[in-house]
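A.B. asks: return a 3D structure for these sequence lines:
(one chain, ligands or ions: 2)
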Amino acid sequence: MPVDDFAQPLIQAIDCGVAFAPGSAVLEGVDLAIASGEFVSIVGPSGCGKSTFLRIVAGLVAPSSGEVLVSGSRPEKARRGAAPMAFVFQDPTLLPWRTVADNLQLPGELQSSLPRLAPPDVLALLERVGLKPDDARKRPRELSGGMRMRVSLARAMATNPKLLLLDEPFAALDDVLRQQLNEELARLWQADGWTGLFVTHNVSEAVFLSQRVLVMSSRPGRFVADVRVPFAYPRSFALRGDPEFARVTAEIGHVLREVLR
Ligand SMILES: Nc1ncnc2c1ncn2[C@@H]1O[C@H](COP(=O)(O)OP(=O)(O)OP(=O)(O)O)[C@@H](O)[C@H]1O
Ligand SMILES: [Mg+2]
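C.D. replies: Ligands and ions are numbered 1, 2, ... in the order given. Prediction:
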């Protein structure tokens with residue numbers, strides 16, 4: 001048995017359930033283990049509980065039954081210690097009155113454990129997400145949707161996360177830009193080694209980015225498939241034309257159709 005099978009998973013869900021109203025479970029019997037450094041995507045029908053599961057991992061929602069552990073602890077404890085987390089949503093959630101540079105300072109203002117970014121740190125972060133030094137002085141309204149999402153990613157990177165939770169971050173972007181950001185996100189992950197948990201409705205985006213794609217059923221929501229994606233990183237645009245890419249994407253699409261029935 002490989003050594004990794006004995007290592008503690010970074011995220012562990014054990015028979016986890018959530019009901020917002022009595023007798024109406026959103027999640028039920030959710031079991032999952034994600035190793036440190038993995039990139040895992042979740043796909044599933046609208047309303048099945050994907051965002052709820054991410055909120056549980058972030059410690060923002062408590063399970064009604066079972067448990068979710070991050071680094072062996074309750075998520076809210078892990079978040080403040082062993083496993084700092086960052087969240088990226090479809091809405092970049094930038095403060096409109098602040099410049100890009102000042103938006104990047106926000107996590108440090110909210111968490112005393114993070115140092116204030118010096119100007120060279122701001123420039124380095126902008127460069128990492130494909131923005132220019134001049135963009136530091138701009139306000140969010142002066143940026144395109146794609147640029148705002150890049151700032152949102154840079155703000156997440158500024159916290160040096162061990163775990164990055166991404167909830168449909170690229171859903172509002174056009175296809176070409178979305179594919180470009182997929183490549184850039186995979187590159188950031190490969191360079192930094194954080195663990196990625198990514199929610200999307202787009203199966204080819206999930207396959208492109210991930211080492212594993214989980215399919216969630218609805219009512220109750222639980223993971224019904226865990227598909228390994230065999231491609232090496234870095235992954236480039238050409239991968240999308242690979243017959244094996246089409247095969248894995250179709251396999252997941254097939255499970256999704258079964259779930260939607
Ligand atoms: N705080 C809450 N109180 C009550 N019900 C909630 C709450 N949060 C989520 N729900 C319900 O839980 C279910 C799952 O919601 P969730 O947002 O997790 O789904 P999702 O899979 O992320 O959907 P989508 O793909 O549309 O984003 C939905 O029926 C939703 O209405
Ligand atoms: Mg959601």
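
A.B. asks: ok now stretch 21-37, how far from the chain's centre?
C.D. replies: The chain centre lies 17 Å from the centre of stretch 21-37; the measure is Cα atoms, centre = their mean, to the nearest Å.

A.B. asks: does it reach ligand 1?
C.D. replies: Yes. Counting by Cβ under 6 Å from any ligand atom, ligand 1 is contacted by stretch 21-37 at residue 26. Using the backbone N, CA and C atoms, a C-beta is placed for each residue, glycine as well.

A.B. asks: tell me which residues of that stretch come out buried.
C.D. replies: 25-30, 32, 34-36 (16 or more other Cβ atoms under 10 Å).

A.B. asks: just checking, which of those residues comes out lowest on pLDDT?
C.D. replies: Within the buried residues of stretch 21-37, pLDDT reaches its minimum at residue 25, with 92.

A.B. asks: hang on, isn't that residue packed against residue 16?
C.D. replies: No. Proximity of residue 25 to residue 16 does not meet the contact threshold set by Cβ atoms under 8 Å, at 10.6 Å.

A.B. asks: one step back: the buried residues of stretch 21-37 in strands, which ones?
C.D. replies: 25-30, 32, 34 (DSSP state E).

A.B. asks: enumerate the residues of this structure near ligand 1.
C.D. replies: Counting by Cβ under 6 Å from any ligand atom, the chain sits next to ligand 1 at 20, 26, 44, 46-52.

A.B. asks: ok, back up a step: in the buried residues of stretch 21-37, find the pair that's most separated.
C.D. replies: Greatest spacing in those, by Cβ to Cβ: 25 and 36 (29.4 Å).

A.B. asks: now the helices for the stretch 151-261 of the chain?
C.D. replies: Assigned by DSSP state H, counting those that start in this stretch, the helices in the stretch 151-261 of the chain fall at 175-192, 203-209, 243-260.

A.B. asks: can you give me the helices in the stretch 1-150 of the chain?
C.D. replies: Under DSSP H, counting those that start in this stretch, the stretch 1-150 of the chain gives helices at 50-57, 75-80, 100-110, 119-128, 145-158.

A.B. asks: coming back round to it: export the helices of the stretch 151-261 of the chain to JSON lines and tack on mean pLDDT?
C.D. replies: As requested, the helices of the stretch 151-261 of the chain are arranged in JSON lines below (pLDDT from 0 to 100):
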{"stretch": "helix 175-192", "mean pLDDT": "96"}
{"stretch": "helix 203-209", "mean pLDDT": "98"}
{"stretch": "helix 243-260", "mean pLDDT": "95"}
